[in-house]
Structures are given as structure tokens and as C-alpha cells.
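J.: Pasted the sequence and its predicted model underneath.
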Amino acid sequence: MSALLSAPTKRWDPMFTKNVTLLGTVAGLFVTQSAYAADLPVKAKAIEYVKACGNYGSGFWYVPGTDTCVRIGGYLRADTTVNSASAHGQPAWSGDSGQGNRFADHFVSRSRFALQVDTRTATEYGLVRTFLQGDFQFNNFGSSNPSTIGATPSALGGLSGSNLNGVGGGYVEVEYVFLQFGGFTFGKSASAYATPWQGFPGNLTSYLFGGQTSDTGVSNIQYTSEFGNGVSASIGLDDPTVYDRTPLLNLGVPGAIGASGTGSNAYGGWQVPDIVGRVRIDQAWGLFQISAAAHDVNASYNTLGAGGVPTSLSVSSGHPESKFGYAAMIGLMIKNLPTGTADDIKLDASFAKGATKYVIATSSTSPSFALFGSSGSAYQSVGFGATTDGVYLPTAAGGDGPIHLTTSWGVRGAFTHNWDPYWSTSLFGSYAGVSYDSVAKGMYCAAFGASHPGRVAVAGAAGSYSCNPDFNVSELGTVTRWTPVKNLTFSAEVMWFHLDQKMVGSSVFTPSAPQPTALYQFKDQNTVEAELRVQRNF
């Protein structure tokens with residue numbers, strides 16, 4: 001205690017006291033402000049929830065913050081076609097596949113992812129709709145005869161195997177992209193001429209003839225008026241260059257008709273759109289439709305070089321007067337059949353003059369046919385069928401000058417039966433014909449004779465024939481579908497194709513390589529294709 005009492009007394013520093021006081025004040029203010037901040041209410045940021053839009057069917061939802069409804073859907077599909085010239089069921093009716101040579105592939109496969117974006121907005125002027133379908137796909141395009149391979153593909157790729165069907169390749173295809181407002185449709189959409197089922201009354205194959213198809217869209221402008229009770233009418237202007245044109249042949253060019261019966265296209269540029277329209281009645285029992293189209297057939301020039309290319313004399317040679325061709329179609333669907341409430345029959349019948357693509361229709365360029373088969377009296381048999389909108393032979397080349405329009409007609413349809421909720425089968429078929437008037441036949445056969453000179457002996461064989469370019473085609477097939485779960489379907493299809501050609505006799509000629517120069521018998525031909533497909537819709 002004495003030691004403690006005797007210890008020296010410590011002196012306080014005034015500056016130290018001030019610093020401590022200042023720190024305490026700052027700490028107190030910080031604690032006070034923190035308390036106030038904790039007590040103040042903080043407004044949370046509003047969350048915009050996605051809401052269902054039931055105005056336009058299932059799957060639509062409101063874009064947050066707008067009155068626009070959108071649906072994102074599509075499908076994923078993988079298919080393989082056997083004995084086919086291309087994907088989606090083209091029979092082996094031309095080229096290497098039609099010859100059945102060793103350059104032909106026996107299988108063609110395609111994988112596709114289709115993405116669809118559908119928007120709808122109600123306005124005081126009516127509904128505004130936009131629609132897009134883009135296809136991301138890959139397929140093997142098949143082997144090519146080395147003698148027919150063209151120039152090196154351009155920087156854009158073309159159909160280069162290295163860009164499209166090589167490892168890591170593939171391509172994007174735009175099927176539909178259009179806007180609808182006030183009854184009008186602008187863009188790439190189904191033609192106003194088409195039926196709702198297009199070229200698919202019950203089939204998988206994209207090559208069922210007998211009527212028009214624009215199932216992957218055609219550039220057009222159209223207007224539709226609804227009269228009530230399921231009655232409507234549409235009129236439109238279509239771009240004809242892909243979907244509605246077949247070749248127009250100038251029979252005066254050198255080598256006008258080749259050994260396989262086809263010639264070079266002498267169409268001029270697109271000058272007039274196809275004028276199309278329909279009247280439709282859509283009821284609970286089914287659908288009835290009448291369609292009509294006017295198609296401009298316009299030639300380039302009278303004088304053209306080999307292959308239909310222009311020369312320095314083309315303009316001065318003049319050209320034949322353009323002609324309007326036409327087409328008409330009747331469509332019928334019957335639902336709720338006695339065989340089952342979900343069963344249906346779809347039929348359409350067509351007639352065309354100068355508009356053959358409205359009958360011999362595909363989703364790509366117009367097909368012509370050259371099938372080879374066996375023969376007991378010649379090296380092989382062959383059947384030809386040249387698809388054209390018309391032919392002409394200039395007066396300077398010994399013809400009469402004007403365009404002679406080609407006539408065509410067809411019927412196609414299908415019956416679909418649902419065995420139960422999981423299994424269904426369709427039976428489908430078609431029959432179509434192409435014919436030329438007597439003057440056109442004479443001009444065509446004269447040009448055909450240049451590559452088929454008649455009685456020519458080869459190794460002791462001689463050929464003699466009568467020429468007729470008319471032909472008929474028929475198809476018959478069936479497809480069975482299994483849907484184990486909703487929106488997932490496995491399908492198997494088989495289809496027989498028959499070419500009924502009208503040439504009679506035999507001819508010595510040289511087909512495209514690798515076929516040899518030999519005696520070939522003109523004869524009807526047959527081929528069969530099969531397709532397997534799996535598809536998941538979403």
C-alpha cells in the first residue's frame with residue numbers, strides 16, 4: 001500500500017483527451033445513422049412475372065411489360081430415306097439414282113431443328129402477327145458423277161459438300177417469315193392458292209404429285225376476307241421463279257433436247273407475278289376449296305447458244321410473244337368418318353395449261369424423269385419424262401414461232417385411320433399426266449431425234465422408235481405412325497413410283513456418263529422408296 005501511495009502521479013495530456021472525444025463523437029454519429037438507415041423502409045424493385053396469354057391458343061405468353069403475346073415452338077426431326085435421290089423421300093427417278101449406277105447413294109439422311117417464333121398483338125386496327133420458321137439442318141447430298149461436277153463453289157458455298165455436308169457442316173433454311181395485318185399477309189408464306197395440307201394429305205414424302213405445293217413458303221402478298229360461318233376468300237401475288245415455273249424450251253438452240261429428253265431453260269426474267277386466289281368453306285364436317293392461278297410464260301430470245309446461253313445475236317433475233325398459262329384446283333377434306341372420329345380423307349384435283357409446276361410440284365426445282373431398267377431385247381430399258389411449261393421453235397429455225405403451252409392434270413389424296421391414341425396409318429396415292437399439242441410434239445421430236453438418230457447400228461444392233469413426249473406418273477404408298485408419348489412420333493413409309501412413258505421402240509444413243517453408248521428400249525419404269533422418321537414437336 002505504501003509503495004502504491006508513494007508511486008508518482010501520471011499527468012493527462014489535453015490533446016489525447018480531445019482526440020478520444022472526437023473519435024467517440026464520430027462513432028456515435030455512425031451508430032446513430034446506421035440505426036436510422038435500418039429503420040427506413042426500402043422499396044423493392046418490381047418483378048414482372050411472365051403471364052400466360054390465352055387469346056390465341058395454348059403456349060402463348062405475354063412479353064413482360066408489353067401487350068404482345070409470343071409463342072416459341074418448333075420440332076426436331078431426323079429421317080433416313082432408302083433408294084432416294086434426295087432427302088424427304090424423292091424417288092430414284094433421275095441422275096445417278098435413276099441410272100442405278102455405282103455413284104448413287106442408297107441412303108440419304110437429314111437432321112433438322114425447326115425453330116418457330118409467333119407473335120400476336122391486338123390493336124385498334126386489328127391483329128398484328130409476325131411469324132418466323134428457320135430450319136437448322138444437316139444432310140448428306142449424295143455422291144455425284146465426276147463427269148457432272150461443276151465449277152468450284154463460290155465463296156458463298158453453293159452446294160459445296162465441304163460447306164454443307166462435311167464434318168461440322170450444315171446450313172440454315174428460312175421456310176416462313178411473314179407479317180399479317182388487317183387481312184393482308186406480306187413476306188414468305190403459303191400461297192393463297194394452296195390447300196391447308198399442301199402436298200401432304202397423309203404422306204411423309206415431299207414428292208407426291210397431282211397438285212401445287214408451297215409448304216416451305218413462297219414470297220407473296222395476299223389478302224384474305226372472312227365472311228363468317230367458315231367461308232373465306234383470298235387473293236394474292238406470288239413470286240413464280242421457284243415454286244411455279246418449270247422449263248420453257250427453245251427447240252432451236254444447238255442440242256435443244258439432250259439424250260435424256262430434257263432441254264435448257266429459255267425463260268426470260270420474272271416480269272409478272274402469278275395471280276392466285278381461292279374460295280374456301282371450312283366446317284365441322286371438313287373443308288371444300290376452289291383455287292385458280294394465272295401464270296406468265298415469257299421467253300428470253302429466239303437466238304440462244306448451246307445450253308440456252310445468250311449470244312451477241314440474241315437481242316436482235318427478237319422473241320415470241322408472252323402467253324398467260326393458268327391452273328385450277330379443287331380441294332376436299334372429309335372428317336369424322338364412320339371408321340373413327342379422328343379419321344379423315346383429303347383429296348385435290350388439278351388442271352393446268354402452261355403452268356405445269358401447279359401439277360408436277362415439289363418444294364424445289366421442277367423434276368424431269370430418266371429411269372433405267374432391265375430389258376430382254378436391248379442393253380437396258382429407259383423411260384423419259386420432260387416437265388415443261390411450254391416449247392417454241394423460232395421461224396428462223398424452221399418452226400412456227402409462238403410458244404406452245406404444255407397441258408397437265410393430276411389428282412392426289414390420302415385416307416388416314418387412327419387405330420388408337422398411339423397408332424395411325426395413312427394410305428395415299430396420286431396420278432398425273434403431262435401432254436403436248438400435235439405441233440409441239442412434232443417440233444420436240446425433231447429436236448429429240450438429233451440425239452436419237454433412229455436406225456443406227458452399234459455392235460450389230462439397230463434401233464427404231466416412234467417419238468411421243470407425253471407421259472403419266474403414278475404413286476401409291478402407306479405410312480404408319482407410332483406416338484408413344486405426346487408430341488413424339490416414329491414413322492415408317494414406303495412408296496411405289498411408276499413412270500408411264502409414251503415412246504415406243506428402241507434407240508441407240510449415249511446417256512450421261514457412266515452409261516455407255518448402246519441400244520436402249522423405251523419402256524415404262526418403276527422404283528420404290530422408303531423413309532424412316534422420328535420427330536419431337538415442342
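T.: Now that the structure is in, tell me what you want to look at. The shown structure was predicted, so the numbers you read here are calculated from the model rather than taken from an experiment. Residues are numbered from 1 along each chain as shown.

J.: Can you name the residues that contact the nearest residue to residue 422 once chain neighbours are set aside?
T.: Distances taken as C-beta to C-beta, 6 or more residues apart in numbering place residue 483 nearest to residue 422, at 5.5 Å, with adjacent residues excluded. (Glycine included, C-beta is placed from N, CA and C.) With contacts defined as C-beta atoms under 8 Å, 6 or more residues apart in numbering, residue 483 is in contact with 421-424, 489-490.

J.: so can I have CSV of these showing secondary structure, neighbour count and distance to residue 170?
T.: Shown next, in CSV, are the contacts of residue 483 (DSSP: H, G, I helix; E, B strand; the rest coil; neighbours: other C-beta atoms under 10 Å; distance: C-beta to C-beta, whole Å):
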residue, secondary structure, neighbour count, distance to residue 170
421, coil, 9, 35
422, coil, 12, 33
423, strand, 13, 33
424, strand, 21, 31
489, strand, 19, 23
490, strand, 13, 23
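
J.: Confirm that the residue nearest to residue 422 sits in a strand.
T.: Yes. Under DSSP: H, G, I helix; E, B strand; the rest coil, residue 483 falls within a strand.

J.: For residue 288, give its distance to residue 182.
T.: 26 Å (C-beta to C-beta, to the nearest Å).

J.: ok, now residue 428?
T.: 37 Å.

J.: Which one of those two is surrounded by more residues?
T.: Neighbours around residue 428 and residue 182, counted as other C-beta atoms under 10 Å, are more numerous at residue 428. The numbers are 24 against 10.

J.: Look at the nearest residue in space to the more buried one that is not next to it in sequence and tell me its secondary structure.
T.: Of all residues not flanking residue 428 in the chain, residue 414 sits nearest, at 3.6 Å (C-beta to C-beta, 6+ apart). Secondary structure state of residue 414, per three-state DSSP, is strand.

J.: so residue 414 sits right up against residue 334, yeah?
T.: No. Shown here, residue 414 and residue 334 do not form a contact pair, counting by C-beta atoms under 8 Å, at 11.6 Å.

J.: got any residues that touch both of the two?
T.: residue 345.

J.: These two: which has the busier surroundings?
T.: residue 414 (22 against 15).

J.: Report the beta-bridge partner residues of residue 385.
T.: residue 369 (DSSP bridges).

J.: er, residue 295 actually
T.: residue 325.

J.: who's in contact with it?
T.: Taking C-beta under 8 Å, 6+ apart, one finds 240, 244, 274, 324-327, 354-355, 358, 389 in contact with residue 295.

J.: Also residue 247?
T.: With C-beta under 8 Å, 6+ apart, residue 247 has these contacts: 262-267, 366, 387-389.

J.: ok, residue 496 - how many residues close by?
T.: 15.

J.: Please disregard the earlier target; I meant residue 306.
T.: 11.

J.: any idea how far it is from residue 444?
T.: Residue 306 is 18 Å from residue 444, by C-beta to C-beta.

J.: do residue 390 as well
T.: 11 Å.

J.: Touching both of the two, which residues are there?
T.: residue 249.

J.: show me where pLDDT drops low in the stretch 1-150 of the chain?
T.: 1-48, 141-150 (pLDDT under 70).

J.: can we see that at 50?
T.: 1-23, 25-27, 29-37, 147-150 (pLDDT under 50).

J.: Over to the chain?
T.: Ranges of the chain meeting pLDDT under 50: 1-23, 25-27, 29-37, 147-160, 162.

J.: if I pick residue 503, what's in contact with it?
T.: 383-384, 465-468, 522.

J.: Repeat that for residue 116.
T.: Contacts of residue 116 by C-beta under 8 Å, 6+ apart are 71-74, 131-133.

J.: and with 7 Å instead?
T.: 73-74, 132-133 (C-beta atoms under 7 Å, 6 or more residues apart in numbering).

J.: Can I get the helix or strand encompassing residue 478 as CSV, trimmed to CA atoms?
T.: Using DSSP states H and E, residue 478 sits within strand 471-485. Provided in CSV are the C-alpha atoms of strand 471-485 (Å, rounded to 0.1, in the frame of the first residue of the first chain):
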residue,chain,number,x,y,z
PHE,A,471,-46.1,-39.2,-120.0
ASN,A,472,-48.1,-40.1,-116.9
VAL,A,473,-46.8,-40.7,-113.4
SER,A,474,-48.5,-42.6,-110.6
GLU,A,475,-47.6,-43.1,-106.9
LEU,A,476,-49.0,-45.4,-104.2
GLY,A,477,-47.8,-45.6,-100.6
THR,A,478,-48.5,-46.1,-97.0
VAL,A,479,-47.2,-44.7,-93.7
THR,A,480,-47.7,-45.9,-90.2
ARG,A,481,-47.0,-43.7,-87.2
TRP,A,482,-46.4,-44.6,-83.5
THR,A,483,-46.7,-41.9,-80.9
PRO,A,484,-45.7,-43.4,-77.5
VAL,A,485,-45.8,-40.1,-75.7
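
J.: after the helix or strand containing residue 97, next one along is what?
T.: Here residue 97, judged by DSSP H and E, is contained in helix 95-99. Using DSSP H and E, the helix or strand that follows helix 95-99 in sequence is strand 107-123.

J.: Which positions within stretch 361-372 qualify as buried?
T.: Going by neighbour count (16 or more other C-beta atoms under 10 Å), the buried part of stretch 361-372 is 361-363, 366-372.

J.: Show me the helices in the stretch 151-300 of the chain, by range?
T.: 161-164 (DSSP state H, counting those that start in this stretch).

J.: what does the stretch 1-150 of the chain give?
T.: Going by DSSP H, counting those that start in this stretch, the stretch 1-150 of the chain shows helices at 2-6, 14-39, 95-99.

J.: part of a helix, is residue 425?
T.: No. Counting by three-state DSSP, residue 425 falls outside a helix, being strand.

J.: now it, which residues is it bridged with?
T.: Going by DSSP bridges, residue 425 forms beta bridges with residue 417, residue 480.

J.: Repeat that for the one 10 residues further on.
T.: Applying DSSP bridges to residue 435 yields these beta-bridge partners: residue 407.

J.: Next, count neighbours for it.
T.: 16.

J.: just the one 10 residues further on next, same as before
T.: Residues contacting residue 445 under the criterion other C-beta under 10 Å number 19.

J.: And residue 78, by the same measure?
T.: Considering only other C-beta under 10 Å, residue 78 is surrounded by 15 other residues.

J.: mind checking how far the residue lying closest to it once chain neighbours are set aside is from residue 294?
T.: Of all residues not flanking residue 78 in the chain, residue 111 sits nearest, at 4.8 Å (C-beta to C-beta, 6+ apart). Residue 111 sits 39 Å away from residue 294, going by C-beta to C-beta.

J.: check contacts around the spatially most central residue of the chain.
T.: Centroid check for the chain by C-alpha atoms, centre = their mean gives residue 363 as the closest residue, at 3.5 Å. Residue 363 makes contact with 206, 213, 215-216 under the criterion C-beta under 7 Å, 6+ apart.

J.: could you redo the last one with a cut-off of 8 Å?
T.: 88, 199, 206, 213, 215-216, 243.

J.: In strands only, show me the buried residues of stretch 361-372.
T.: Taking DSSP state E, the ones among these that sit in strands are 369-372.

J.: and which of those is nearest to residue 256?
T.: residue 370 (16.5 Å; C-beta to C-beta).

J.: measure the nearest residue to that closest one once chain neighbours are set aside to residue 507 for me?
T.: What sits nearest to residue 370 in space, not counting adjacent residues and going by C-beta to C-beta, 6+ apart, is residue 260, at 4.2 Å. Relative to residue 507, residue 260 is positioned 12 Å away (C-beta to C-beta).

J.: Could you pull up the residues touching residue 331?
T.: Here residue 331 is in contact with 195, 287-291, 346-348 (C-beta under 8 Å, 6+ apart).

J.: Let's have those residues in a markdown table, adding distance to residue 298 and neighbour count.
T.: Shown next, in a markdown table, are those (distance: C-beta to C-beta, whole Å; neighbours: other C-beta atoms under 10 Å):
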| residue | distance to residue 298 | neighbour count |
| --- | --- | --- |
| 195 | 28 | 25 |
| 287 | 35 | 19 |
| 288 | 34 | 16 |
| 289 | 29 | 21 |
| 290 | 27 | 14 |
| 291 | 23 | 25 |
| 346 | 34 | 24 |
| 347 | 33 | 19 |
| 348 | 28 | 25 |
